[in-house]
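Trainee: Sequence unavailable; structure follows:
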């Protein structure tokens with residue numbers, strides 16, 4: 001994996017090998033093209049997925065990361081479908097945060113949703129672990145290697161039913177590259193044994209978020225704290241696609 005002493009502008013953290021691409025891939029592509037450094041942290045090996053093996057999925061992570069222009073910081077083996085919050089996991093993620101010193105972290109929404117798109121327990125757990133690790137990383141007396149670091153913002157993806165995004169990132173210029181990154185997870189999204197067209201479903205979701213924000217394709221996020229806007233007129237400058 002990547003040298004954890006390199007600093008990053010943003011970390012995208014997920015539970016499974018394809019979570020990053022699904023929830024944040026378009027954003028990472030955009031940031032890489034703007035010259036920002038993005039890192040990826042994955043908490044399980046995705047061994048319970050219908051398709052693939054841990055070995056296959058590990059290679060798919062590498063293939064997708066190249067397309068995203070992001071570095072793989074760490075892939076943990078914390079148990080697909082068994083992920084739960086614990087102090088040792090907080091410490092592990094806090095160590096990465098202290099070493100990489102990101103300004104922003106993207107992580108799944110940390111509360112259970114209800115409805116046809118119920119929250120995956122691993123997604124919820126990964127969000128909780130990340131929030132607690134971000135807090136731990138900032139504490140001077142915490143039993144964590146490295147110098148304290150305060151993450152400026154934590155934003156959530158994988159929003160459950162009933163939780164609307166309060167900001168959307170326009171990924172329209174990067175849509176084709178985002179689809180390419182998703183398709184790198186061949187065992188999941190291009191598997192002929194699966195009856196569902198996942199690429200089509202994810203495209204529809206991106207189009208839905210885009211329509212809400214008046215762009216063609218978007219990825220939606222939830223900010224717990226209000227987002228500061230320096231120039232209110234900048235909110236009226238979104239291009240129509």
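Mentor: Good, I have the coordinates. Owing to the predicted nature of the structure, the values given are computational and were not obtained by experimental measurement.
Trainee: Tell me the buried residues in stretch 131-150?
Mentor: Neighbour-count burial for stretch 131-150, counted by 16 or more other C-beta atoms under 10 Å, picks out 131-134, 136-138, 142, 144, 146, 149. (Glycine included, C-beta is placed from N, CA and C.)
Trainee: ok, residues contacting it?
Mentor: 85, 89-95, 97-99, 101, 105, 107, 110, 151, 154 (C-beta atoms under 8 Å, 6 or more residues apart in numbering).
Trainee: quick one on the thing from earlier: cross the buried residues of stretch 131-150 against helices and list the overlap.
Mentor: 131-134, 136-137 (DSSP state H).
Trainee: Check the offset of the lowest-mean-pLDDT helix or strand in the chain from the chain's centre.
Mentor: None of the helices or strands of the chain scores lower by mean pLDDT, DSSP states H and E than helix 186-189, at a mean of 93. Put simply, helix 186-189 sits 18 Å off its chain's centre (C-alpha atoms, centre = their mean, to the nearest Å).
Trainee: Can you lay out the buried residues of stretch 131-150 as JSON lines showing pLDDT and distance to residue 28?
Mentor: Putting these into JSON lines (pLDDT from 0 to 100; distance: C-beta to C-beta, whole Å) gives the following:
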{"residue": "131", "pLDDT": "98", "distance to residue 28": "20"}
{"residue": "132", "pLDDT": "98", "distance to residue 28": "24"}
{"residue": "133", "pLDDT": "98", "distance to residue 28": "20"}
{"residue": "134", "pLDDT": "98", "distance to residue 28": "19"}
{"residue": "136", "pLDDT": "98", "distance to residue 28": "25"}
{"residue": "137", "pLDDT": "98", "distance to residue 28": "21"}
{"residue": "138", "pLDDT": "98", "distance to residue 28": "24"}
{"residue": "142", "pLDDT": "97", "distance to residue 28": "28"}
{"residue": "144", "pLDDT": "97", "distance to residue 28": "26"}
{"residue": "146", "pLDDT": "97", "distance to residue 28": "24"}
{"residue": "149", "pLDDT": "98", "distance to residue 28": "21"}
